[in-house]
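> from the sequence below, what's the structure:
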Amino acid sequence: MYKKKEIIIISAIIGLTVFLGFLPMIISSCDNKKDDEIVEKEERNDYLSIIIKGELNVDKVNLEIPYGYSYGYIISKIKPYLNQYSIIDKELTKRYYEDSIIIIYSSDINNEIVEEIDNSNLININESPKDDLTKLFGIGTKRADAIIEYREKKKIESFTELKDLLGVSDEVISAIKEKAIL
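Model (predicted):
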């Protein structure tokens, strides 16, 4: 009769042999998955439509950019359309994952922002009723009431002032900036 140690050693050798026999199939299936993932990432053809308006040498610029590209990339593509009065947002790392409109603001001699674009579809924070304010991301009825109460005393001058008033994050203010004006 075999002793326990000999049985364990023989079982281990048989198990190792079986494992090594299947190892090439396991490795090839893992490699195929990695290749598929790489192909999926390389073949992704999602493009977004970005419209740029505002202080440009033309009325507007329509761009098709790959999904997830940054504001800095967009600015590099529209540089020929910018002029000396164009104000570029310093946050160049913001990424785009949906069709968007980007507004390039203008500065006059006193470095004040001059809005020379059609703002008819944007919500005016200083003038809009409560119902319109609640359509903005991150603004519910309580925050809309706070805005209305504040603007009765003083006009909101900047998005930083609005951020402090509402107590929201930079991401919420960025979302509000896309849909609203002051």
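> gap between residue 89 and residue 156?
Noted for residue 89: a distance of 19 Å to residue 156, by CB to CB, to the nearest Å. Glycine gets a C-beta too; all of them are placed from N, C-alpha and C.
> cool, residue 6 as well?
From residue 6 to residue 156 the distance is 85 Å (CB to CB).
> with residue 163 instead?
For residue 163 relative to residue 156 (CB to CB), the value is 10 Å.
> start to end distance for stretch 133-142?
Counting by CA to CA, to the nearest Å, you get 11 Å between the two ends of stretch 133-142.
> ditto for stretch 48-66
Terminal-residue distance, stretch 48-66 (CA to CA): 6 Å.
> quick check: buried residues in that stretch?
The neighbour-count check on stretch 48-66 (16 or more other CB atoms under 10 Å) flags 48, 50, 52, 53, 54, 55, 56, 61, 63, 65 as buried.
> show me the domain layout of this protein.
Annotated domains of the chain cover 1-43, 46-118, 121-182 [automatic domain parsing].
> any chance of these in CSV, with mean pLDDT too?
Output for those, formatted as CSV (pLDDT from 0 to 100):
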stretch, mean pLDDT
domain 1-43, 68
domain 46-118, 77
domain 121-182, 82
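> can you map out the strands along the chain?
Ranges of strands in the chain, per DSSP state E, are 47-54, 60-66, 86-87, 100-107, 113-114, 123-124, 180-181.
> need these in CSV (columns: distance to residue 167).
Below are the strands of the chain laid out as CSV (distance: least, CB to CB, whole Å):
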stretch, distance to residue 167
strand 47-54, 29
strand 60-66, 33
strand 86-87, 27
strand 100-107, 25
strand 113-114, 24
strand 123-124, 20
strand 180-181, 17
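> which among those strands is found nearest to residue 25?
Among the strands of the chain, the nearest to residue 25 by CB to CB is strand 60-66 (36.5 Å).
> other residues contacting the closest one?
44, 46-53, 73-74, 77-78, 81, 96 (CB atoms under 8 Å, 6 or more residues apart in numbering).
> just stretch 137-150 next, same as before
125, 130, 133-134, 156, 162, 165-166, 168, 172, 175-176, 179.
> ok, back up a step: more neighbours, residue 6 and residue 156?
residue 156 (15 against 10; other CB atoms under 10 Å).
> which ones are touching that one?
With CB under 8 Å, 6+ apart, residue 156 has these contacts: 125, 126, 147, 150, 162, 165, 182.
> can you say which of the residues you listed are buried?
Buried among the contacts of residue 156 by 16+ other CB under 10 Å: 125, 147, 150, 162, 165, 182.
> the last one contacts residue 123, correct?
No. The criterion here is CB atoms under 8 Å, and residue 182 misses it with residue 123 at 10.3 Å.
> re earlier: which two from the buried residues of stretch 48-66 end up farthest apart in space?
Spanning the widest gap among those are 48 and 55, at 22.2 Å by CB to CB.
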